[in-house]
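Asks: Sequence first, predicted coordinates after that:
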Amino acid sequence: MLSFAVGQALQIVAQCVGLVVSLMVIPPITVGTIRKIKARLQNRIGAPLFQPFFDLRKLSMKGETVSKETSWLFRATAVINLSIMLLLACLVPWLSFTPAVFGCDLFLIIYLFALSRFFTVLSALDSGSAFSGFGASREVTLALLVEPAIVLCLASLGVAFHSSDLCTVFSFTNTAPVPWILWFLAGSGLFLTSLIELSRMPVDDPTTHLELTMVHEAMILENSGTNLALIEYTHFLKLAVLLGLSTQCILHALMTRGIADELVRGVASLVGIGILALTIAVIESTAVKMRWSKVPEFIAYPVAISLLCMLIAVLRWTK
Amino acid sequence: MTLDTYEVIALFAAVAAILMLGTTHLRLNLTFYCLHTLAIAAETAWISYLSGEPQHLIAAAGVLVKALGIPIFLGWIIRKLDVDSDVGTYLPAPLCMHLGIVMLGVSYLLSNQIPGVNGDDATFGATSAIGILFCGILLMLTRKVAISQIVGFLVIENGIYLFALTQTRGMPLIIEMGLLLEVLVAVMITGLLLFNIKKSFEHIDVTQLTELRDQ
Amino acid sequence: MKVLIVLGILPIVLAVLSLLIRNAPRLRLFVAVMHWVQLALSIWLLLPLLDGTVPAVVYSPGLMLDRLGAMFVILTVFVIASASTHAVCYFAEEDIHRHSEIPSSPMRNGVFYACLNIFMLAMMGVYFCDNLAYLWMCIEATTLSSAALVFHDRTKNALEATWKYLIICSVGIALALFGTVLVFTSSQRGAFPEGSLNVSELILRANKLDFVLLRLGFFFCLIGYGTKAGIFPMHSWLPDAHSEAPAPASAVLSGALLNCALYGIWRVYQVILAASPHGFVNHVVPILGTVTVVAASIFLVRQYSFKRMLAYSSIENVGLMLVAIGLGSGPLFFLQAVNHSCAKVALFLLSGNITAACGTKRLNKLHGILKTTPLWGGLLALATFAVTGAPPFGAFVSETAILITSANRNHWPLAVLLISAIAVSFIALCLHIGRILVGQAKPDCHPFQPMRSSIVPGVLVVGVLALGVLLRLDTLVKLP
């Protein structure tokens, strides 16, 4: 009895340690992978895989310049966002397991994402820079268009499972017969949404040097030093979480029945995130950035896919 | 409660048809058309497997020819004619796509009106088929470039084929093959006409063909 | 089965030969002669059906010919033979005085004749089909093969007409396919576990079919084949295609193709009639026919182009045939078809002569034909009377029969509407044609071989006149 309890405690501790390690390691490596693949696709050798770590370390050792016009919000935002994102990473089952004992309601997730965006926009406005205001305006426009897609994608899964708890939805053990097409559509819808949320290629160019065309980069233009390091890390984390969520959907679409072995699931999730990273790299190497006026046409796709998800889920439910 | 595999494949075909509505980029349209028709080929094969009639695999192969041959042929025309996107639509493409989703919902309601022989199981096949039909009609009505109209016709035809596939227990094979042949010939003829339209009118915007009317 | 092969082999051989023979005038003459041979062959082979000794022949499952079908086959071949005979003359004129900038080439000529023969094969096939799916394939084949006929002039307008023709008719026919699938489904849900599309079998077990699906299927077939036939809301391609095609092709389109499409409706309608003889559907078809007649007569009033006017007159006649179909009367349908086909072929051929001689299709620029070529003028007047149903001609008998039958069936409002629409179209057509006939002779009008080019229209007009004299109304309908 005692040994069982100890074993269980040890397992929980191991999971926690595993989670902390993956939170530390996976996001920067994912970003490093994307950059490396992109470089290879462009016939460059590219920075090493661990370059994001070095960047973060370098930034955190640098001094920080803060405009004297800004308020406390400008400096606090980085910390607030990091804590929100860490909370999200602990709640969302993006790595096929979650140590959090309390469930993660999908609306909570959506509101946490929105909260983080809210603070980013506020701090961008707070900095008083023209470009930041520009970026903030665009970010809010995008958010307005994208929000329905992400809500409907997750909610359609919720409808299918009669539960708003994402841990129930992504539990792998649940044998509720959800058709693979629903998973597949939700996964692709989430992936397209995350491209927009993460300011990736067809909508926003993460590597551009022209401030006029940027969305996310324009907003954090005024940040520097440790502050910037925190923001960057938050962004990496967001990337990993969103890609992880899409991966989980696709994995469920591919698996016809539940997989009991946690290790297999974990490895599959990591491989999935890698494949999505590869996809992003390929998209960024082949596609061009869209004109701002064309962006709604692109966003129509995730929205349409999410609507289809909802339709299928609801129709299946009424059947 | 559960969806059969054939229903899921049919839904996939419908989804691809709806996504086709969302872009005015012709090459992307053709890619989606290819996916859509591949799904229908898979559906044919799957149903022939279910019903244990291997001769319908020939029909599946025929649809496969359509799925690969027609996009290649039309793609060749696009390259020759040097057009890559629709010049304009009567309805903005994203709106059209969302309308397509609404029509899929409508076709679910419609397909419930059709008295089913297999109980309620048949409705999703019929839903997808009628949804695809609506998509084709939308594509033909809202697009201006001649190629989109051809693609719209093909989508309508696919919808009808899917309806026949899911609602009847096997159309005779000769009918399916005859249908396929007619469609291929129709695409060839309209494709060749496109060259003439381009040569005479210097564009393939069919809304500009308004010379003939009662005056 | 042997009959089918014998009837089918000649058009196929001719189609191949058309592409091989490079000498255009010789090819035209050869094909025209062979078409008359084909007509003789068809009459000879289908004689047992025609004289009524055999009610119907089943060649193989799905292929069957009844008496009505046999008569339509003869009519089709006759129309094509007349048109191709006249084409010898028409194209000879075209070779000499080119009106369009595209040079005439043996290749273009070969394609025209090859497609004409395939077109004939497809149209004959329509009447042999018992299976609705085969019927669908044949009608789609007629669309595809006749596209080349419409496009023969290679002008911008011809291109536009061809494109509209192909796209609108293809979509229409796709809807007919949907209707066919629905009929198949209805047979599976009802009488036949295996499903059947053979009209003869469907009629036998009509009351066991799933009627809701059957009716839905019929509506789709009506819309689909109706598009091909030029029924009112779906008629927009018809004036374009008929006016831009060369005259012999217009004649075939109007005189033979419209009958094919209507025959498709007739086949499906027979099943409906067998399933429910007094249903709601039975009112829809005559009403649609009447609407078409009324609409066409209104369109006829304001016309600017000679051939478009004739096309609208065809739409009017299609409406009348649809009424005959709706009344469930095969003989009336055929009678109206044969009168319309002969008179309209004569009109279209004459219109080809006149437009080629005067170099324009505009009605307001055509005048004084009676002075330049009295022969053409006289024939044109007679053919116009024939097509509008003036008394001594056959169309008068058939139209009167349709009106009386519809009145007998208590379709009084339809009969009244039909009479007024026919009157309006008669006045409109006579007025327009009258303006062409009288007036100053056109100085730049150069008639080409007026005698030779009047032979075929003359024979046709005399034929319609003979029909009108010989037909007795009381054998067709029960007079009140």
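Replies: On my side now, so go ahead. Nothing here was measured: the structure is a model prediction, and the numbers come from that model.
Asks: In the one helix or strand A:Val17 maps to, which of the residues would be classed as buried?
Replies: According to DSSP states H and E, A:Val17 maps onto helix A:2-41. Neighbour-count burial for helix A:2-41 flags A:19, A:22-23, A:26-38 (criterion: 16 or more other Cβ atoms under 10 Å in any protein chain shown). To be clear about C-beta, it is placed using only N, CA and C from the backbone, and glycine gets the same treatment.
Asks: Give me the lowest-pLDDT entry from the residues you listed.
Replies: Among the buried residues of helix A:2-41, A:Leu19 carries the weakest pLDDT, at 84.
Asks: pretty sure that one contacts A:Cys90?
Replies: Yes - here A:Leu19 lies in contact with A:Cys90, judged by Cβ atoms under 8 Å, at a distance of 6.9 Å.
Asks: give me the low-pLDDT residue ranges for the chain?
Replies: Assuming you mean chain A. Chain A contains residues with pLDDT under 70 at A:1, A:98-102, A:173-177, A:209, A:211, A:256-260, A:318-319.
Asks: wrong one, I was asking about chain C
Replies: Looking along chain C with the criterion set at pLDDT under 70, you get C:97-104, C:191, C:478-480.
Asks: Can you say which helix or strand has B:Ala13 in it?
Replies: helix B:5-21.
Asks: Quick check: what element follows that helix along the chain?
Replies: That would be, after helix B:5-21 and using DSSP H and E, helix B:26-51.
Asks: same for that following helix, what does it pack against?
Replies: On a contact count with 3 or more Cβ pairs under 8 Å, 6 or more residues apart in numbering or on different chains; DSSP states H and E, helix B:26-51 meets helix B:5-21, helix B:56-81, helix B:146-167.
Asks: quick check: angle from that helix to helix B:146-167?
Replies: Angle of helix B:26-51 versus helix B:146-167, following axes from the mean of the first three to the mean of the last three Cα atoms, to 10 degrees, is 10 degrees.
Asks: and chain A, which of its residues are near chain B?
Replies: A:177, A:179-181, A:185, A:296-297, A:300-301, A:303-305, A:307-308, A:311-312, A:315-316, A:319 (Cβ under 8 Å from any Cβ of the partner chain).
Asks: which ones are touching the residue nearest the centre of chain B?
Replies: For chain B, B:Val155 is the residue whose C-alpha lies nearest the centre (Cα atoms, centre = their mean; 1.4 Å). By Cβ atoms under 8 Å, 6 or more residues apart in numbering or on different chains, the contact list for B:Val155 reads B:Ala17, B:Met20, B:Tyr33, B:His36, B:Ile132, B:Cys135, B:Gly136, B:Leu139.
Asks: Can you flag the buried ones in those residues?
Replies: B:Ala17, B:Met20, B:Tyr33, B:His36, B:Ile132, B:Cys135, B:Gly136, B:Leu139.
Asks: Looking at those, spot the one nearest chain C.
Replies: B:Gly136 (8.4 Å; Cβ to the nearest Cβ).
Asks: In chain C, where's the longest helix?
Replies: Ranked by residue count and defined by DSSP state H, the top helix of chain C is helix C:156-189.
Asks: State the number of residues packed around the residue of the stretch 51-200 of chain A found nearest chain C.
Replies: Proximity to chain C, evaluated over the stretch 51-200 of chain A using Cβ to the nearest Cβ, is greatest for A:Ile181 at 24.6 Å. By other Cβ atoms under 10 Å in any protein chain shown, 22 other residues sit near A:Ile181.
Asks: any idea how far it is from A:Leu157?
Replies: Going from A:Ile181 to A:Leu157 by Cβ to Cβ, to the nearest Å gives 12 Å.
Asks: Please apply the same query to A:Leu270.
Replies: 22 Å.
Asks: C:Cys430 and C:Thr384 touch, don't they?
Replies: Yes - contact criterion Cβ under 8 Å: C:Cys430 and C:Thr384 qualify, at 6.4 Å.
Asks: Compare the two and say which is more crowded by neighbours.
Replies: Between C:Cys430 and C:Thr384, C:Thr384 has the larger neighbour count (other Cβ under 10 Å), namely 25 against 16.
Asks: Name the nearest residue to that one, sequence neighbours excluded.
Replies: C:Ile433 (4.6 Å; Cβ to Cβ, 6 or more residues apart in numbering or on different chains).
Asks: show me what contacts the one you found?
Replies: C:Leu380, C:Ala381, C:Thr384.
Asks: what's the answer for A:Trp180, then?
Replies: A:Trp180 touches A:His252, A:Ala253, A:Leu254, A:Thr256, B:Val8, counting by Cβ under 8 Å, 6+ apart.
Asks: got JSON lines for the buried ones among the contacts of B:Val155, with pLDDT too?
Replies: Shown next, in JSON lines, are the buried ones among the contacts of B:Val155 (pLDDT from 0 to 100):
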{"residue": "B:Ala17", "pLDDT": "94"}
{"residue": "B:Met20", "pLDDT": "92"}
{"residue": "B:Tyr33", "pLDDT": "94"}
{"residue": "B:His36", "pLDDT": "94"}
{"residue": "B:Ile132", "pLDDT": "95"}
{"residue": "B:Cys135", "pLDDT": "94"}
{"residue": "B:Gly136", "pLDDT": "93"}
{"residue": "B:Leu139", "pLDDT": "91"}
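Asks: Please tabulate these in JSON lines and include distance to A:Val13 as additional columns.
Replies: Formatted as JSON lines, the buried ones among the contacts of B:Val155 follow (distance: Cβ to Cβ, whole Å):
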{"residue": "B:Ala17", "distance to A:Val13": "52"}
{"residue": "B:Met20", "distance to A:Val13": "52"}
{"residue": "B:Tyr33", "distance to A:Val13": "54"}
{"residue": "B:His36", "distance to A:Val13": "51"}
{"residue": "B:Ile132", "distance to A:Val13": "54"}
{"residue": "B:Cys135", "distance to A:Val13": "54"}
{"residue": "B:Gly136", "distance to A:Val13": "59"}
{"residue": "B:Leu139", "distance to A:Val13": "58"}
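Asks: C:Leu20: which of those is nearest?
Replies: The nearest member of the buried ones among the contacts of B:Val155 to C:Leu20, counting by Cβ to Cβ, is B:Tyr33 at 37.8 Å.
Asks: Give the burial count for residue 92, as a bare number.
Replies: No chain was given, so I picked chain A. 24.
Asks: was after chain C, sorry
Replies: Going by other Cβ under 10 Å, the residues that sit close to C:Ala92 add up to 17.
Asks: In space, what's closest to it - neighbours in sequence excluded?
Replies: C:Pro25 (6.6 Å).
Asks: which residue does chain A bring closest to chain B?
Replies: Closest point on chain A to chain B, by Cβ to the nearest Cβ, is A:Ala300, at 3.2 Å.
Asks: State the number of residues packed around whatever residue of chain B ends up closest to chain A.
Replies: Chain A sits closest to B:Pro94 of chain B, with a gap of 3.2 Å, by Cβ to the nearest Cβ. B:Pro94: 19 surrounding residues under other Cβ under 10 Å.
Asks: Local confidence estimate at it?
Replies: Taking B:Pro94 on its own, its pLDDT is 89.
Asks: could you measure it against chain C, distance?
Replies: Counting by Cβ to the nearest Cβ, to the nearest Å, the separation of B:Pro94 from chain C is 25 Å.
Asks: A:Leu237 reaches A:Ser83, doesn't it?
Replies: No - with contact defined as Cβ under 8 Å, A:Leu237 does not reach A:Ser83; the gap is 10.9 Å.
Asks: neighbour count winner among the two?
Replies: A:Leu237 (23 against 12).
Asks: Checking the residue lying closest to C:Val57 once chain neighbours are set aside next. Helix, strand or coil?
Replies: Leaving aside its sequence neighbours, C:Val57 sits nearest to C:Leu65 (Cβ to Cβ, 6+ apart; 5.3 Å). State at C:Leu65, reduced to three classes by DSSP: H, G, I helix; E, B strand; the rest coil: strand.
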